[in-house]
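Colleague: Would you be able to build a 3D model of this:
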Amino acid sequence: MAFPWQVVITAIPWKQVIENAPKLAEGAQNLFSRIKKDKTPRDISDDLFNVADESAQIKQMETIVREHRHEIQALHRDLQDTTDLLHDLTKQNNDLVRTVERLRQSNIRQRRVLALFVFALVLVIVYTLLKI
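Modeller: Take a look at the predicted model:
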């Protein structure tokens, strides 16, 4: 009889794991590289309010608003990618947990059958010894 960990390892749907691995790794790598290269948002400096010309100040504020809008859109894309990656990982994890649970149930049934077989064997041996 194989060790339980050997049964688990052989029963894991490795084909699925291997098929999903590149997609998950690529998604994680893209997400991490985008987060790494993103610069921190520009602060609104006091220089903005020191500008005497009101139209120049408004233009600067519009530029800052535009930049922040782009940053929000990038953050939204990152959040969506993170959500997709988490969904894929969760799905794969659920599949593995279901497989392990199925194996655990099978192992319990096998142990019960084995215990019943051993009990029957002991009964046969005792009966044979008493008959002699």
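Colleague: can you give me the helices for this structure?
Modeller: Per DSSP state H, the chain carries helices over the ranges 4-11, 14-37, 47-50, 54-131.
Colleague: among these, which gets the worst mean confidence?
Modeller: Comparing mean pLDDT across the helices of the chain, the lowest value falls on helix 47-50: a mean of 60.
Colleague: Run a quick neighbour tally on residue 24.
Modeller: Using other CB atoms under 10 Å, residue 24 is surrounded by 14 other residues. To be clear about C-beta, it is placed using only N, CA and C from the backbone, and glycine gets the same treatment.
Colleague: The one 10 residues further on too?
Modeller: Residue crowding around residue 34 was assessed by other CB under 10 Å; the count is 13.
Colleague: Tell me the spatial nearest neighbour of it, not counting adjacent residues.
Modeller: Once its chain neighbours are removed from consideration, residue 34 has its nearest residue in residue 78; the separation is 6.2 Å (CB to CB, 6 or more residues apart in numbering).
Colleague: Quick check: residue 78 vs residue 28, distance?
Modeller: Plainly put, residue 78 is 12 Å away from residue 28 if you go by CB to CB, to the nearest Å.
Colleague: no, scratch that, I was asking about residue 22
Modeller: Between residue 22 and residue 28 the distance is 11 Å, computed by CB to CB.
Colleague: the more surrounded of those two?
Modeller: Comparing residue 22 with residue 28 by neighbour count (other CB under 10 Å), the higher total belongs to residue 28, at 15 against 9.
Colleague: in terms of contact, does the more buried one touch residue 85 like I think?
Modeller: Yes: checked against CB atoms under 8 Å, the pair residue 28 and residue 85 is within contact range at 6.0 Å.
Colleague: So for this protein, the centremost residue is which one?
Modeller: Nearest residue to the geometric centre of the chain (CA atoms, centre = their mean): residue 89, 2.6 Å.
Colleague: And for the residue nearest to residue 27 when sequence neighbours are not counted, the neighbour number?
Modeller: Closest residue in space to residue 27, ignoring its immediate chain neighbours: residue 85 at 4.6 Å, by CB to CB, 6+ apart. Close neighbours of residue 85, defined as other CB under 10 Å, add up to 17.
Colleague: please begin residue numbering at 753 from this point
Modeller: Got it, the first residue is 753 from now on, which makes the last one we talked about residue 837.
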